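1. Dropping a prediction and its sequence here:
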Amino acid sequence: MSLIIDLDTIKQLAAQKRDSFEIMLYQLQEDDDLSEDAIDALANTIAQPIIAAIDCKACGNCCRNLDVQLGEDDLERLATGINISLDSIRTLVNVQDHDDPDIVGIFQAQPCSFLDGNLCTVYEHRPTSCRDYPQFTPDFRWMLGWMIEGAHLCPIIYNVLDRMTQEVDDLQRAQD
C-alpha cells in the first residue's frame with residue numbers, strides 16, 4: 001500500500017480532491033440504501049491498515065493545528081497524571097460555551113503546550129479528543145464533513161478519504 005505522508009503534498013492534494021470528497025459526502029448522506037454498518041465496516045477496513053502504517057510521532061501536525069476539546073474528566077486526568085493542581089491545568093484552558101455539556105473548553109495554546117517536537121509529553125494522560133483522533137467510526141457518514149475539513153492536516157485522514165472515494169462508488173454500484 002502506497003501512502004502519501006508528506007504534509008505539503010497532502011495539503012495540495014486535499015485541496016485538489018476536495019470536490020471528490022464533497023461528492024462522497026453527498027453520496028453517503030443521500031443514499032438511504034447504504035447502511036451505517038456497511039459504511040462503517042468499509043471505513044474500518046480501509047482505515048486500520050493506514051493507521052497501522054503511519055507513525056503519528058513522525059508528524060504531530062494535529063497537535064500543532066487543531067483545537068483540543070476538553071471535558072472535566074480530561075482536566076482531572078491531566079492534573080493527576082502530571083501531578084499539578086487542577087487550577088493550574090485550568091489556566092491553560094479557554095472556557096467556552098459548547099453545545100455538548102461534557103466539553104468545558106479548549107487548550108488556549110496552539111501548538112499544544114504539551115507538544116515537544118512531534119511527541120506528546122502527557123501521552124498517557126492526554127485528553128479524550130486526542131486519544132480518539134482521528135476517528136472514523138462509528139457514524140463515518142455523519143463525521144465525514146469534519147474529516148474533509150481536516151484532510152489537509154492529517155496523513156491518515158487524507159489517505160483514508162482518498163481510498164474511500166473509489167470504494168464508495170463501488171459500494172453504490174453494487175447496491176444498484
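-> Yes, it's here.
2. Please count neighbours and contacts with C-alpha atoms only from this point.
-> Fine.
3. need the strands for the protein, in chain order.
-> All strands of the chain, identified by DSSP state E, fall at 69-70, 93-95, 105-107, 115-116, 119-120.
4. okay, those strands, which one's buried deepest?
-> Highest mean neighbour count of those: strand 69-70, a mean of 22 (counted as mean count of other Cα atoms under 10 Å).
5. Give the other helices and strands that that one contacts.
-> Strand 69-70 sits against strand 105-107, helix 128-132, with contacts defined as 3 or more Cα pairs under 8 Å, 6 or more residues apart in numbering; DSSP states H and E.
6. any idea which of the ones you listed scores lowest on pLDDT?
-> Among the helices and strands packed on strand 69-70, strand 105-107 carries the lowest mean pLDDT, a mean of 91.
7. how much space between residue 138 and residue 175?
-> Counting by Cα to Cα, to the nearest Å, the gap from residue 138 to residue 175 is 21 Å.
8. er, residue 115 I mean
-> Noted for residue 115: a distance of 45 Å to residue 175, by Cα to Cα.
9. hmm, back to that, can I get the helices and strands packed on strand 69-70 in JSON lines with distance to residue 25?
-> Listed next are the helices and strands packed on strand 69-70 as JSON lines, based on distance: least, Cα to Cα, whole Å:
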{"stretch": "strand 105-107", "distance to residue 25": "27"}
{"stretch": "helix 128-132", "distance to residue 25": "21"}
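10. out of the ones you listed, nearest to residue 35?
-> With distances scored as Cα to Cα, the stretch of the helices and strands packed on strand 69-70 nearest to residue 35 is helix 128-132 (23.2 Å).
11. how far away is the nearest residue to residue 81 once chain neighbours are set aside from residue 116?
-> Closest residue in space to residue 81, ignoring its immediate chain neighbours: residue 125 at 5.8 Å, by Cα to Cα, 6 or more residues apart in numbering. Per Cα to Cα, residue 125 is found 15 Å from residue 116.
12. Give me the more crowded residue out of residue 138 and residue 175.
-> residue 138 (15 against 9; other Cα atoms under 10 Å).
13. Can you report phi and psi for that one?
-> phi -70, psi 170 (degrees, to the nearest 10).
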